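Undergrad: Give me a model of this one.
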Amino acid sequence: MPATHNMSTANKHTFLYRNGLSIAMLFFMLLFWFAQFYSGWHANNEELAEEGHAVLSMGQYLGSGHFMQATFENWESEFLQMAVYVVFTVFLRQKGSAESRKLQGEEGAAEEEEKHKPDAKPNSPWPVKKGGIWLTLYSYSLSLVLMVLFLFSFIMHFIGSFRNENDELLRKGKPAVAAGEYMSDAKFWFESFQNWQSEFLAVAAIVILTIWFRQKGSPESKPVNVPDSETGA
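TA: Numbers count the residues shown, from 1 in each chain. Below is the predicted model:
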């Protein structure tokens, strides 16, 4: 009965209503990604023209190191901070934060612990019912997938940055740098670290600010009427 009720409840809503949050986030991501591409294309071509080199078509710029570097150095930092955050919220607490699990002894802490036990139910995902290695992998699948996405983005950032560096050296008439040499170059790591620190600042901000501030109706906020000291959403 509960499963039938949930299915009928979901079916009475439109696709846009059921998936509005992810659609909105992806829409803005694609919008700003195109804006990044378009403005980056113009900025790169202006630099090429000033140096007396041929400008790139939109198709050429799409596969250029300049665009790859700018894209993936940001993606890698996003996936890194999300992966670390997901893992850290298992073990670490912040009293009063909506982003933290409750402290031991707080009201509702026992129920929260019980909720995280992977007991199989009739409507549980198949790895939970299967058990064994499948349950273990599924139990940590979110952090694993985020780390895979981070590693992919990190590699693509390196390829883009390496390609862009050698393109710049070639235009200046200097010899290209080897991949191993560039991996230890301060420029590459500067590109990464400047984004990593900002992502952890943003996460720290929402962890700390949700102690005192509220957003009515948001699951990322505690209810408006709860005390600042109460931990958890």
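Undergrad: Show me the shaky parts of this structure.
TA: Of all residues in the chain, those with pLDDT under 70 make up the ranges 1-11, 233.
Undergrad: For it, which segments are assigned as helices?
TA: 2-11, 15-18, 20-50, 58-62, 65-91, 109-115, 126-130, 132-139, 141-171, 179-183, 186-209 (DSSP state H).
Undergrad: From the chain's centroid, how far away is stretch 148-166?
TA: 16 Å (C-alpha atoms, centre = their mean, to the nearest Å).
Undergrad: Flag every buried residue along it.
TA: Counting neighbours by 16 or more other C-beta atoms under 10 Å, one finds that the buried residues in stretch 148-166 are 149-150, 153-154, 156-158, 160-166. C-betas here are computed from N, CA, C, even on glycine.
Undergrad: And those residues, which is closest to Lys12?
TA: When those are compared for distance to Lys12, the smallest value, 34.1 Å, is given by Leu149; criterion: C-beta to C-beta.
Undergrad: count of neighbours near the nearest residue in space to that closest one that is not next to it in sequence?
TA: Excluding the flanking residues, the one nearest Leu149 by C-beta to C-beta, 6 or more residues apart in numbering is Phe79, at 4.3 Å. Other residues within reach of Phe79 by the criterion other C-beta atoms under 10 Å amount to 21.
Undergrad: re earlier: I'd like the buried residues of stretch 148-166 as a markdown table, with distance to Gln197 appended.
TA: Formatted as a markdown table, those follow (distance: C-beta to C-beta, whole Å):
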| residue | distance to Gln197 |
| --- | --- |
| Leu149 | 20 |
| Phe150 | 16 |
| Ser153 | 17 |
| Phe154 | 16 |
| Met156 | 20 |
| His157 | 16 |
| Phe158 | 19 |
| Gly160 | 20 |
| Ser161 | 18 |
| Phe162 | 22 |
| Arg163 | 25 |
| Asn164 | 22 |
| Glu165 | 22 |
| Asn166 | 27 |
